[in-house]
Structure formats: C-alpha cells, structure tokens
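Q: Provided below are the primary sequence and the corresponding predicted coordinates.
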Amino acid sequence: MRRRIVLWPQSFRGRLVLAFSLVVAIALALVLASLPRLLDGYFAQQEERNLQTRSGVVAALAVQLLLQSQYAGPDAPNPIVIPTDPPTVSERIREAFGTSSRGYIKERLTPVAQADIEIVITPSPDEPNNEVFRLNVPVDPAVARELQGAGQQRENLSRETSYRVRDVFWSQLPAGGPERLVRVRLYDPFTFRAQTLNTIILIMSAAAALAMAVAVIASILLADRLTNPVRRLTGAARALERGKLETRVSLPDSSSPEVGELATAFNRMAARLEESIEFIRSDRDRSRDFLADVSHELRTPIAALRTFNELLQDGADVEPATRQEFLEQSRLQIERLDWLAQNLLELSKLESGLVALDLRPDDLRATVESAVQQAEPGARRRRVELVMDIPERAVRQRHDPQRLGQVLSNLIGNAVKFTPPGGQVTVRLQPTDGGADLHVSDTGVGIDPRELPHVFERFYRGTHAHEARAGGSGLGLSIVKSIVEMHGGRVSIESAPGAGTDVTVQLPHDVTLSSPVPTPA
C-alpha cells in the first residue's frame, strides 16, 4: 500500500507558521518582481538626462573646434561650407574634425562622451536634411575596454544637440555670413545601469532571504504564543478525561479577549462538570446508603415476624394469651412494614420530582387548623396540650394544602410523641415581609446538639435520646424537608436536652416550583 505524502502540516502551530511564511514570501516575491522594473525605468531616465548633458558638452566642444578652424592657417578665415555643387565643407574643417579612426573627436571627445559620436553639418538651419558633412566616431577600443572593466555596458540610447554657427568667411556679404547647422548626436553610450540593477537585485535577494529567515523565526514564536492557550486547553481537557476534575486553565493577562473568553467558558464547564460528577457520586453513595438503610429497616420487622411464626409453629400457641401476644406483635410489625413502605414510596417520589405541587393562593390558617384538628385525638391520648396560635386576619400564601398539611402532621406528630404527659405543643403561624413562618414547638425531651445536624437524614432516629425516639420509620423529617424545599422554603430546628424543640418552616411569598435537593447521607 502506497503511503500518502502530506505536504500541508497537520498541527495548528505548523499551519500558522506555514501561512505566515507564505504571506511574507508572497510579499517579498511581489517586491522583487516589481521593484527592479521600477528602478530600471528610473535609472533609464537618469541615464538619458546624463546622456543629454554629455551631448551638450560634446556639441559645445565640437562647435568651439569648428570656430577655431575658421581662423586657423595662413588663408584664414576659412569657410565652413563651400558653395559647390553639391556643397561641401572646407578641407581645413575636415582636417580639424579628423576621421572615424583618429583625430580630435576620436581622441578628445569620445572619452568625454563615453558613447559613439555622430557630427552632421548642413548648409543652413532651414535645410536640416541636406547634409554636407557627416562623421561617425566610435568609442576608442582602449576606452571601451576601460569602461567595460569598470562595469559599464552599452545601452540603446541616443541624444542630439544642435547649434547654429555663422560662417565668418562670408561675413562681408550685405546680409552677413550665412548660418550653418551643426548637429551632434551621442548614441549607444556606456552606462552603469545594468550593473546597478544587478547589485540592487543581489542586495534585495540577500535582504529577502534574511527577511524570510526572520519571518520564519517570528512566525514560530508567534505561533507558539497563539497556540500556547490552545495547548493549555487541550492539556486541561485531557486531564479532565483522566478524571482530574479539579483541573482549570489559567492564561496570562496578555492573552486575547477571545482566548480569555474561551478559557473562562472552559473553566465554567469544568466546574459544572465537577459539580455534576460530585453530585452523581454523592447521589450514588446516598443510593447505596439508602439501600443499606432500607435493608436494615426491613430486616428488623421481617426477623420479628419470622421469630413469631417459628414460635407459633413450634407449639408456642398452647396458651391463648401467648398466642394473642404473638399475633398482636406480628400485626404491629406488619403495620410498621406498611408504614415504612408508604414513607419510602413517598420520599422516593418527592426526591425524584414525580410529585407535582398543586399551588393555590389559599389561606394558610385553614391548613394549620386542619392539621391541628387531625392531631388533637392523639395529643389527648398522650395527655399533651395542643395549642394553636394563628392571626385573626387571613394569611394568603400560594401553597399545596395537602402537602403542607403533611408537613405539619409530621412535625406535630413528632412533637407530641417526644413530649411527656402534661407537656405542651404549640403551632404558630406568623406572616412575614417575605412570606410566612410556621413554628411547631414543644416542651419535650429535646435533642442533643450533636444530633441536630442529622435529624433530617433518612432513617435517623437518634442514638442517645429517649427510647421513644427509636420508634417510627425515621423518614418523617426527610419528607418534611423535601416538601418544604419544593415550596422554595427552608426548614430549621433548634433544641436542647430537656428544653424542648422548636421547628421553623419559612415559606417565601413567591413560590417557584423546584425539585427537592436530596439530603446528603
């Protein structure tokens, strides 16, 4: 199987480095491609101006030579143009200018011009194309070698300068001597343009290579800076995957706002995840403890029933009184199982959110009166005084009358059960600014301060209190707490051994439906 070669880097860091390097490389390539063209045009203009200047200098020297030639020799002045047919220049002028291979122009002016020279003389300015003399003088080979050795090269350029020179030989004419036109043209000059461009391109290429190296290093550093938060987030995510729920991401203040927001969102997610996992763990522990408590609570009545049944089967029913006692104890254990099963089912529904409250804006006094009336027969049997303290005016509060009545029944039942004969249980309704408070207080045996944090736990019935505390299912206060929290309220208890107990239920005026929070076991 052929392996596929991947040229594009797979990591985010590698892609950033490559992308940044490509951008710099494209920018440098555009500069290297466009700048030499611009410089070439600029240098061409400079060379044209220089050639124009040298053309003027050479033309001025040529005209000066022409004027000197008119007065040279014994037959001076000498004419510039002799009016023959066709017109021609005088021999003295020819001798002064020389030839293309030797003479003043070749030896004196070509080093100044640094170009080939063309000299044209016409009879008059009005006849620029009627040439009477033309001389083309190339650059001396020795001078050309010297210029080439200095790095100059031929350029396809040309510049021309024209002068009007009066022919003094004919100055005695009435109209004066005629004017002759002298044109001097420099062409194919030697220039440094090519060498300058090559030098600039070489320097630019070296600078581009250096800039590219710096760009690669800078891109690596920049990519490290940009990807470092991502690597931190990745490491934190992997730590969370391994179970390290306390992992959080800390970024420097210089990080970008977007990365900071991402880190904040990640930390919030990790915190929520940690809370959820801790809740699941605690709920699992509570469920395990709950099953253990249920097993323990069920084991006691089942063991008692088994014992009574075995005694009856072994002949313990010979005496009717004994048989009646066993049957009565069996009935009590069955009632306890039934009560335990009902409370377990009720608590399970409350904690799982299967119970929906039927909130009504009713008078709380009616709920309190109903709960007290139901508890009065039991209080009379135990010779406990049951007192109700409610305001004269209606206390309207959104609540579920049946569930809140269940709360009061459990609280009043517990207060009556743990209050000795002759004691008193008081149920008080008190409106507040934020809602209403329900107080159930008694003059009973009280609760040890060490037991107060555990009284709302499931199956907790106390370990150092009165024997009466060991009765019941141990689920009543757990049910009370769940129903109160479903109303958005809070339940608290204050007690001391021998000083009685006061349970307070605080109900808010604006009830928000919520699921109960299981009490940690």
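A: Thanks, I have it.
Q: C-alpha from now on. contacts and neighbour counts both.
A: Fine.
Q: Okay, and Ala239 sits in which element?
A: helix 193-241 (DSSP states H and E).
Q: Which strands and helices lie in contact with that helix?
A: For helix 193-241, the elements it packs on are helix 12-70, strand 153-154, helix 257-313, judged by 3 or more CA pairs under 8 Å, 6 or more residues apart in numbering; DSSP states H and E.
Q: Around the closest residue in space to Gln153 that isn't next to it in sequence, count how many other residues there are.
A: In space, and not counting its chain neighbours, Gln153 is closest to Phe190: 5.0 Å by CA to CA, 6 or more residues apart in numbering. Neighbour count of Phe190, defined by other CA atoms under 10 Å: 23.
Q: Who does Phe190 form a beta bridge with?
A: Arg154 (DSSP bridges).
Q: quick one: it from Gln52, how far?
A: 13 Å (CA to CA, to the nearest Å).
Q: Quick check: closest non-adjacent residue to Arg92.
A: In space, and not counting its chain neighbours, Arg92 is closest to Ser69: 6.5 Å by CA to CA, 6+ apart.
Q: quick one: pLDDT of that neighbour?
A: Looking at Ser69, its pLDDT reads 85.
Q: Now do the contacts for it.
A: By CA atoms under 8 Å, 6 or more residues apart in numbering, the contact set of Ser69 is Asn78, Arg92, Ile93, Ala96.
Q: Now do the contacts for the first one.
A: Just to be clear, that refers to Asn78. By CA under 8 Å, 6+ apart, Asn78 lies in contact with Ser69, Gln70, Tyr71, Ala72, Ser90, Arg92, Val168, Phe169.
Q: residues touching Leu411, list them.
A: Counting by CA under 8 Å, 6+ apart, Leu411 touches Val440, Leu477, Val480, Val503.
Q: Make sure the first one is indeed in a strand.
A: Yes: inclusion of Val440 in a strand is indicated when DSSP: H, G, I helix; E, B strand; the rest coil is applied.
Q: Would you mind measuring from it to Leu507?
A: 14 Å.
Q: repeat for the third one
A: Applying CA to CA, the value for Val480 to Leu507 is 13 Å.
Q: Quick check: can you list the domain ranges of this protein?
A: As given by automatic domain parsing, the domain ranges for the chain are 12-196, 245-354, 356-521.
Q: Which of these comes out lowest on mean pLDDT?
A: Mean pLDDT values for these show the minimum at domain 245-354, a mean of 71.
Q: The residue nearest to Gln153 and Gly151 touch, don't they?
A: No: taking contacts as CA atoms under 8 Å, Phe190 lies outside contact range of Gly151: 9.3 Å.
Q: Assign a three-state SS to Tyr73, would you?
A: I think there's a mix-up here, since residue 73 is Gly and not Tyr. Gly73 ends up coil, using three-state DSSP.
Q: what are the phi and psi angles of it?
A: Here is the backbone geometry of Gly73 (degrees, to the nearest 10): phi 90, psi 170.
Q: any idea how far it lies from Ile82?
A: Counting by CA to CA - Gly73 and Ile82 are separated by 17 Å.
Q: Same check on Thr367?
A: In terms of CA to CA, Thr367 sits 146 Å off from Ile82.
Q: Looking at the two, which has the bigger crowd around it?
A: More crowded of Thr367 and Ile82, by other CA under 10 Å: Thr367, with 19 against 16.
Q: which ones are touching that one?
A: Taking CA under 8 Å, 6+ apart, one finds Pro401, Leu404, Gly405 in contact with Thr367.
Q: can you count the residues close to Gln402?
A: 14.
Q: my guess is it is in a strand, correct?
A: No: read with three-state DSSP, Gln402 is helix and lies in no strand.
Q: Start the count at 534 instead of 1 going forward.
A: Done: numbering now begins at 534, and the last item shifts to Gln935.
Q: I'd like to know how far it sits from Leu897.
A: Look at Gln935 and Leu897: by CA to CA, they are 11 Å apart.
Q: Would you reformat the contacts of Leu944 as a markdown table and include neighbour count?
A: Shown next, in a markdown table, are those (neighbours: other CA atoms under 10 Å):
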| residue | neighbour count |
| --- | --- |
| Val973 | 22 |
| Leu1010 | 21 |
| Val1013 | 23 |
| Val1036 | 18 |
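Q: re the thing from before, can the domains of the chain go into TSV with extra columns for distance to Thr760?
A: As requested, the domains of the chain are exported to TSV (distance: least, CA to CA, whole Å):
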stretch	distance to Thr760
domain 545-729	6
domain 778-887	10
domain 889-1054	42
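Q: Which of these sits closest to Ala751?
A: Nearest of these to Ala751, taken as CA to CA: domain 545-729 at 8.7 Å.
Q: tell me the contacts of Arg625?
A: Counting by CA under 8 Å, 6+ apart, Arg625 makes contact with Ser602, Gln603, Ala605, Asn611.
Q: An error on my part: the question was meant for Pro964.
A: So Pro964 contacts Val928, Asp970 (CA under 8 Å, 6+ apart).
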